[in-house]
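In: Provided below for reference: sequence and predicted model.
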Amino acid sequence: MPPDAGRAAEKVARQSYGKLIAFLAARSRDVPAAEDALSEALASALRVWPERGIPGNPEAWLLVAARRNLMQATRHRTVEVNAQTTILIAFEEAEERMNEAGKAVFPDERLKLLFACTHPAIDSSVHTALMLQTVLGIEARTIARTFVVSPDTMSQRLVRAKAKIRDAGIPFAVPPRPALPGRLAAVLSAIYAAYGLGWDGLDGEEERHSLAGEAIWLGRALLAVLPDEPEAIGLLSLMLHCEARRNARRDSDGRYVPLDEQDTAAWNAIMIAEADSLLRKAGSFNRFGPFQCQAAIQSVHAARRLSGKTDWQALTTLYAALVMMKPTLGAHVSQAAVIGRALNAAAGLKRLDQLDPRAVASYQPYWAVRAFLLSQAGDDTAAADAYMTAIGLSDSPAVRDFLAGRLKEARL
Amino acid sequence: MQYALIIREAAEDFERRSDPAYRDGWVAYSKALAQAGIMTGGAGLTGPETGTIVRRKGGEHDVQDGPYPEGKEQLGGFYLIDVPDIDTALEWATRVPISDKGSVEVRPRLQM
């Protein structure tokens, strides 16, 4: 079977898995028990489907396989009795739903699961990992690798978070209107963080790359259920804009290419068009927010494909809005870079000097931007020094080589 | 907490040590560590062929010329860093400019 078909099978398997986990967990409130029941079934599906093809009713296939595993586990008494009862009741309800005449489609309650995973009672640093594991069935070991933590640490965090969901009675529900914007922000952040992990993985890391695709898919799924939330639309637009440039981020020799030097012919025009039309749609609600703002920033960059130049003035305005809404270190550093281009290097450097020295000491983008602006300002000695720090803080060989090239120019 | 970042390099890496493309990455990394104020020690080591191995056999000491032959990777050096937790140590470990053939081991310092 060709690799594409294998990937398609994996996608369907993960999506069906997520739907079943959501359904079972929403009823039993017991994510670990639902995972215990389904993880083996998912593993078989990932093994069997790429070879024999995707079954006509993937959810039913998984449920039957899981039921079989559950019965075996009961025989071996490996499942806790209480958890077993609640999960069995949920199983029966799921089977009933599938057998109901005229209901060909299994209910998709993954959004409830997303809201449970990103509940404020759960440490926000574990939101994304939890979402990746429960909604997409990605293994803890893989998640640990993408987050650069040890597998044991990651497993412990996930186990603790899932116990909290069960023991603290965290609801599996889409929050009511008044609470929705705040809670939705956490869901959007978790999805965007997943996309970010996939975005970083570029140098031969298939695993991470597919994470970007999963994040986009989650963004689409969210939109299908909440079509009138401009920030959710903005997030999808932002991810599509970034994804459209994936192939242009390295040249034919695998070298890093910065955004403003990328060959626009290598950008995906169809994705950009979709991203722009989403952004317009989001704008029609008249409720601006940070994700729409970031999408708008990417849209300005994308416009170079047609105009041949970057509108630094527009970017300055957008970044001013972004740092007001979301004053992250990354936004501040990007703002300084844009000001450095729109006005002059000195103005950009002045911005950088206003940032907290302790916060930026080990922040790679700060040093890369600082080095670039210093060399623009003609201070080659200070620029070389900053390039050295930026190189030392890089975790990607391609970026390191790119900066080493710039350093060489500064030393000439 | 203190951690050792133990660097292992392949034979090709040791040969590339005078190549600026390889060497400068290490200089930059050491600088970044020092600038962050977390480096408490460490050393780069010369190639394994310069090593001498001492073993005890009963009451005798057996002295042998290096290199220690086993393994594709050889100890190239180490950094001692003082950071709040293992996650921060791992973050710094990902920045170590090893080649595809090298590795970094992160190990807590023995508390005595």
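Out: Received, thanks.

In: what's the burial count for the nearest residue to residue A:363 once chain neighbours are set aside?
Out: With sequence-adjacent residues excluded and distances taken as CB to CB, 6 or more residues apart in numbering or on different chains, residue A:363 is closest to residue A:329, at 6.0 Å. All C-beta spots, glycine's among them, are computed from the backbone N, C-alpha and C. Neighbour count for residue A:329, taken as other CB atoms under 10 Å in any protein chain shown: 14.

In: and what of the one 4 residues further on?
Out: Burial measure for residue A:333: 23 neighbouring residues, criterion other CB under 10 Å.

In: assess the claim that it and residue A:363 are in contact.
Out: Yes. Residue A:333 lies in contact with residue A:363 (CB atoms under 8 Å); the separation is 7.2 Å.

In: still on that earlier bit, residues contacting the residue nearest to residue A:363?
Out: Neighbour list for residue A:329: A:355, A:359, A:360, A:363, A:366 [criterion: CB atoms under 8 Å, 6 or more residues apart in numbering or on different chains].

In: what does chain B put close to chain A?
Out: Proximity of chain B to chain A is confined to B:21, B:24-25, B:27-33, B:35-37, B:86-87, B:90-91, B:94-95, B:97 under the rule CB under 8 Å from any CB of the partner chain.

In: so who does residue 9 touch?
Out: Using chain A. A:45, A:46, A:49, A:50, A:53, A:54.

In: nope, chain B please
Out: By CB under 8 Å, 6+ apart, the contact set of residue B:9 is B:73, B:74, B:76, B:98, B:99, B:101, B:102.

In: ok, the last one - contacts?
Out: Residues counted as contacts of residue B:102 (CB under 8 Å, 6+ apart) are B:7, B:8, B:9, B:10, B:13, B:73, B:76.

In: check the gap between it and residue A:162 for me.
Out: The gap separating residue B:102 from residue A:162 is 37 Å, by CB to CB, to the nearest Å.

In: so the closest residue to chain A within chain B: helix, strand or coil?
Out: Ranked by CB to the nearest CB, the top residue of chain B for proximity to chain A is residue B:32, at 2.9 Å. The three-state label for residue B:32, taken from DSSP: H, G, I helix; E, B strand; the rest coil, comes out as helix.

In: return the list of helices and strands in contact with the worst-scoring helix or strand of chain B on mean pLDDT.
Out: Using mean pLDDT, DSSP states H and E, the weakest-scoring helix or strand in chain B turns out to be strand B:60-65, at a mean of 84. Applying 3 or more CB pairs under 8 Å, 6 or more residues apart in numbering or on different chains; DSSP states H and E, one finds that strand B:60-65 makes contact with strand B:52-57.

In: what sits against residue A:321?
Out: A:288, A:293.

In: checking my notes, it in a strand, right?
Out: No. With three-state DSSP as the criterion, residue A:321 is assigned helix and is not in a strand.

In: show me where pLDDT drops low in chain B?
Out: Residues of chain B that meet the criterion pLDDT under 70 lie in B:67-70.

In: hey, where'd the helices end up in it?
Out: B:11-15, B:20-36, B:86-94 (DSSP state H).

In: ok, back up a step: just give me the neighbour total for the residue of chain B closest to chain A.
Out: There are 24 residues near residue B:32, going by other CB under 10 Å.

In: which one is it nearest to, not counting chain neighbours?
Out: residue A:392 (2.9 Å).

In: ok, that neighbour touching residue B:34?
Out: No. Using CB under 8 Å, residue A:392 makes no contact with residue B:34, being 9.2 Å away.

In: which one of those two has more residues nearby?
Out: Shown here are residue A:392 and residue B:34; by other CB under 10 Å, residue A:392 has more neighbours (28 against 12).

In: so the more buried one is in which element?
Out: Assigned by DSSP states H and E, residue A:392 falls within helix A:380-393.

In: just how off-centre is that helix within its chain?
Out: Offset of helix A:380-393 from its chain centre (CA atoms, centre = their mean, to the nearest Å): 31 Å.

In: and it, what does it pack onto?
Out: Against helix A:380-393 (3+ CB pairs under 8 Å, 6+ apart) you get helix A:364-376, helix A:397-411, helix B:20-36.

In: can you give me the buried ones in that helix?
Out: For helix A:380-393, a neighbour-count test (16 or more other CB atoms under 10 Å in any protein chain shown) marks A:382, A:383, A:384, A:385, A:386, A:387, A:388, A:389, A:390, A:391, A:392, A:393 as buried.

In: closest one to chain B out of those residues, please.
Out: Among these, and counting by CB to the nearest CB, the member closest to chain B is residue A:392, at 2.9 Å.

In: got a list of what residue A:18 touches?
Out: Contacts of residue A:18 (CB under 8 Å, 6+ apart): A:110, A:113, A:134, A:135, A:136, A:137.

In: now stretch A:182-189 - C-alpha only, PDB.
Out: The C-alpha coordinates for stretch A:182-189 follow below in PDB (Å, rounded to 0.1, in the frame of the first residue of the first chain):
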ATOM      1  CA  GLY A 182     -12.200  32.800  28.100                       C
ATOM      2  CA  ARG A 183     -12.400  29.000  27.900                       C
ATOM      3  CA  LEU A 184     -12.100  29.000  24.100                       C
ATOM      4  CA  ALA A 185      -8.800  31.000  24.400                       C
ATOM      5  CA  ALA A 186      -7.200  28.000  26.200                       C
ATOM      6  CA  VAL A 187      -8.400  25.600  23.500                       C
ATOM      7  CA  LEU A 188      -7.000  27.800  20.800                       C
ATOM      8  CA  SER A 189      -3.700  28.200  22.600                       C
END
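
In: got the buried residues for stretch B:7-18?
Out: When burial is assessed from 16+ other CB under 10 Å, stretch B:7-18 yields the following buried residues: B:7, B:8, B:9, B:10, B:13, B:14.
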